[in-house]
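K.L.:
Here is my input, please return the structure:
(2 chains)
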Amino acid sequence: LAKTTQPISMDSYEGQEVNITCSHNNIATNDYITWYQQFPSQGPRFIIQGYKTKVTNEVASLFIPADRKSSTLSLPRVSLSDTAVYYCLVGANTGFQKLVFGTGTRLLVSP
Amino acid sequence: GAGVSQSPSNKVTEKGKDVELRCDPISGHTALYWYRQSLGQGLEFLIYFQGNSAPDKSGLPSDRFSAERTGGSVSTLTIQRTQQEDSAVYLCASSLAGTSGLTDTQYFGPGTRLTVL
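P.N.:
A predicted model of the protein is given here:
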């Protein structure tokens, strides 16, 4: 899987929008970008996946520029319960995926 | 519906003992994965099962680690002669892997926290 780089940590306050950017300069043509969320003492949870432009679901939005060398996970109006570690992964979305998680971005949301 | 379940949730053992960790994947998911997560670290891939194919064992750290999947469903990860460095959270995931064109999302269980004293 393509290597990704993301900030180690971010701080925010309730009600704010949070944008977490991930760099993946060597992304391959058939690679997708996937974000997972992990709470303490729980397994990672799939948030969103995209290939290009913008994807939105009930949880988040994913912005991917034309060159696809980076992506931004956007969490609208965060709450305390959004405090978690967020992982960005890049790889093919079909068949076997040996997911390679980095250390992720630790988001802390304060009152 | 029911998600991926794992048991036990916590396991404390003494160095040198064998342990078995169990994973029940989501019904109908053909692919099953085991990962290990040490404190403050990302996930480390261990082994992958897909249907009746031979498992991909490329991530197993030593021959003390083994896993099996019976009937294409439940999986057991066995660690023999445990060492202190085996202490970690062991996570299992399952997916509908193998179908072209479909998003292959992995769904994770809550993990088993293993502590080797």
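
K.L.:
gap between the residue of chain A found nearest chain B and A:Asp67?
P.N.:
Chain B sits closest to A:Gly43 of chain A, with a gap of 2.9 Å, by CB to the nearest CB. The C-beta positions use only the backbone N, C-alpha and C, and glycine is treated the same way. In this view, A:Gly43 and A:Asp67 are 32 Å apart by CB to CB, to the nearest Å.

K.L.:
got a pLDDT number for the spatially closest residue to the residue of chain A closest to chain B that is not a sequence neighbour?
P.N.:
Closest residue to A:Gly43 apart from its sequence neighbours, by CB to CB, 6 or more residues apart in numbering or on different chains: B:Phe108 at 2.9 Å. pLDDT recorded at B:Phe108 is 92.

K.L.:
So A:Gly43 and A:Asp67 - more neighbours on which side?
P.N.:
A:Gly43 (23 against 9; other CB atoms under 10 Å in any protein chain shown).

K.L.:
helix, strand or coil for the residue sitting nearest the centre point of chain A?
P.N.:
The centre of chain A sits closest to A:Trp35, judged by CA atoms, centre = their mean, with a distance of 3.5 Å. What DSSP: H, G, I helix; E, B strand; the rest coil gives for A:Trp35 is strand.

K.L.:
can you pull up the bridge partners for it?
P.N.:
Applying DSSP bridges to A:Trp35 gives these bridge partners: A:Ile48, A:Cys88.

K.L.:
I figured A:Pro50 hits A:Ala60, correct?
P.N.:
One correction, residue A:50 is Gly, not Pro. No - if you go by CB atoms under 8 Å, A:Gly50 and A:Ala60 don't touch, sitting 10.4 Å apart.

K.L.:
Could I get the contacting residues of B:Pro25?
P.N.:
B:4, B:32, B:73-75, B:92, B:94 (CB atoms under 8 Å, 6 or more residues apart in numbering or on different chains).

K.L.:
isn't the residue nearest to the centre of chain A right up against A:Ile47?
P.N.:
Yes - between A:Trp35 and A:Ile47 there is a contact under CB under 8 Å: 4.5 Å.

K.L.:
Report the set of residues contacting both of those two.
P.N.:
With CB under 8 Å, 6+ apart, A:Trp35 and A:Ile47 have common neighbours A:60, A:73, A:86.

K.L.:
who wins for neighbours among the residues you listed?
P.N.:
A:Leu73 leads these on contacts (other CB under 10 Å) with 26 neighbours.

K.L.:
now it, which residues is it bridged with?
P.N.:
Beta-bridge partners of A:Leu73, as defined by DSSP bridges: A:Ile20, A:Leu62.

K.L.:
Let me see the ranges of the helices in chain A.
P.N.:
Assigned by DSSP state H, chain A shows no helices.

K.L.:
so where's it shaky on pLDDT?
P.N.:
Flagging of chain A using pLDDT under 70 yields the residue ranges A:1-2, A:93-98.

K.L.:
swap the cut-off to 80 and go again
P.N.:
A:1-2, A:91-103 (pLDDT under 80).

K.L.:
give the contact list for the closest residue to chain A within chain B.
P.N.:
Going by CB to the nearest CB, chain A is nearest to B:Phe108 of chain B, at 2.9 Å. By CB under 8 Å, 6+ apart, the contact set of B:Phe108 is A:42-45, B:4, B:91-93.

K.L.:
Over to B:Lys57?
P.N.:
Contacts of B:Lys57 by CB under 8 Å, 6+ apart are B:47, B:67.

K.L.:
so how far is B:Arg69 from it?
P.N.:
12 Å.

K.L.:
got it, and A:Arg106?
P.N.:
33 Å.
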